[in-house]
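Peer 1: here are the coordinates; sequence isn't available:
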Ligand SMILES: [Cu+2]
């Protein structure tokens, strides 16, 4: 009997990683199942944040290297944006099925 693999931030059925850069989310659009946790990781050089249009999730400003996680429990379409860089097109969306 082998131990389950240690939890990582790589993509699997329950966890999806979205990278933050200047000035974009990658991938900017994801489709996930209810119960999936999204991990946003700031891989850029600037501070970024994540705010749902409907207010269902809001991160603080993330310094480079920091992460924000949110678990989606309701189906729907969740557009979101980075407050400092929305004007530069730093927007994304999560579709929860
Ligand atoms: Cu930003």
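Peer 2: Great, that's in hand. Values in this document were obtained by computation on a predicted structure and should not be read as measured data.

Peer 1: at the contact with the ion, which residues of this protein appear?
Peer 2: 48, 82, 84-85, 90 (CB under 5 Å from the ion). For the C-beta atoms, the positions are set from N, CA and C on the backbone; glycine is no exception.

Peer 1: what about the protein, any weak spots by pLDDT?
Peer 2: Along the chain, segments meeting pLDDT under 70 span 1-12.

Peer 1: would you list every one of the helices in it?
Peer 2: Taking DSSP state H as the test, none of the chain falls into helices.

Peer 1: now do the strands in it.
Peer 2: 15-21, 24-26, 29-32, 37-42, 51-52, 67-71, 76-81, 91-96 (DSSP state E).

Peer 1: between those, which one is nearest to residue 59?
Peer 2: Distance to residue 59, taken as CB to CB, is lowest for strand 67-71 among the strands of the chain, at 3.8 Å.

Peer 1: centre of the chain versus stretch 43-62, how much separation?
Peer 2: Averaging C-alpha positions (CA atoms, centre = their mean, to the nearest Å) puts stretch 43-62 8 Å from its chain's average.
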